[in-house]
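Enquirer: Sequence first, predicted coordinates after that:
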Amino acid sequence: MPSASKSVCTQPSCTRVAPLGQTRCTQHQEEWAARRQVQVAKAHKQYNERRPESDSFYRTERWKKRSQQFRRLHPLCAECELIGLVVPSKMVDHIKPYRERPDLALDDDNLRALCWPCHNRVGAKVREPGTSPRVEPRVTTATSRGRG
């Protein structure tokens, strides 16, 4: 099987050879990585400055304690469990978003433990234009089991 060939650095006016599998020489790769790190830090800062005030709830002691307690009771990702995977939960998600229903912020029936990939998948569906406002869980809640 043919291997990848070396290429010239893509930095304008640089004639050095880039390491196999890379597009820049070592010097320009390091410079690019440093610029990229600054750019990412700036983007994160701008994003956090635009976050709604409602997100401050997630920094409260009440939420931190409730989230930790819920994850102790639900150590596995609820979405992964439904398809037979055993994946540790990494965060607690509100089924009905806190911004829409702050009254359900600490209600067990509105919480689910998720891994990051499931949380990101659910979040992506929430943000997609033309889709339903929130992806409902595939798990049964206490209410649907006849407890409420």
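Expert: Noted; the coordinates are in hand. Numbering: from 1, shown residues only.
Enquirer: how much space is there between the residue nearest to the spatial centre of the chain and residue 45?
Expert: Nearest to the mean C-alpha position of the chain, by C-alpha atoms, centre = their mean, lies residue 120 at 4.3 Å. Using C-beta to C-beta, to the nearest Å, one gets 21 Å for the distance from residue 120 to residue 45. No exception for glycine: its C-beta is placed from N, CA and C like everyone else's.
Enquirer: What are the boundaries of the strands in the chain?
Expert: Using DSSP state E, the strands of the chain run over residues 7-8, 17-18, 91-94, 111-114.
Enquirer: Can you say which of those is packed in most?
Expert: strand 111-114 (a mean of 25; mean count of other C-beta atoms under 10 Å).
Enquirer: Which residues does that strand contact?
Expert: Applying C-beta atoms under 8 Å, 6 or more residues apart in numbering, the contact partners of strand 111-114 are 70-71, 74-79, 89-95, 122, 137, 139.
Enquirer: cutoff 6 Å now
Expert: The contact list for strand 111-114 (C-beta atoms under 6 Å, 6 or more residues apart in numbering) reads 70-71, 74, 77-78, 89, 92-93, 95, 137.
Enquirer: Out of those residues, which is nearest to residue 35?
Expert: residue 93 (34.5 Å; C-beta to C-beta).
Enquirer: contacting residues around the closest one?
Expert: With C-beta under 6 Å, 6+ apart, residue 93 has these contacts: 112, 114, 119.
Enquirer: and which of those residues is nearest to residue 17?
Expert: residue 119 (42.3 Å).
Enquirer: Just the pLDDT for residue 52.
Expert: pLDDT, residue 52: 71.
Enquirer: ignore the last one, residue 68
Expert: 96.
Enquirer: That one: neighbour count?
Expert: Residues lying near residue 68 (other C-beta atoms under 10 Å) number 11.
Enquirer: Now residue 32: closest residue in space, sequence neighbours ignored.
Expert: Counting by C-beta to C-beta, 6 or more residues apart in numbering, residue 24 is the residue found nearest to residue 32 once chain neighbours are left out, at 5.9 Å.
Enquirer: For that neighbour, which residues are in contact?
Expert: Contacts of residue 24 (C-beta under 6 Å, 6+ apart): 9-11, 18, 32.
Enquirer: For the longest helix belonging to the chain, which residues meet the burial criterion?
Expert: Longest helix of the chain, by residue count under DSSP state H: helix 26-50. Across helix 26-50, burial judged by 16 or more other C-beta atoms under 10 Å covers 28-29.
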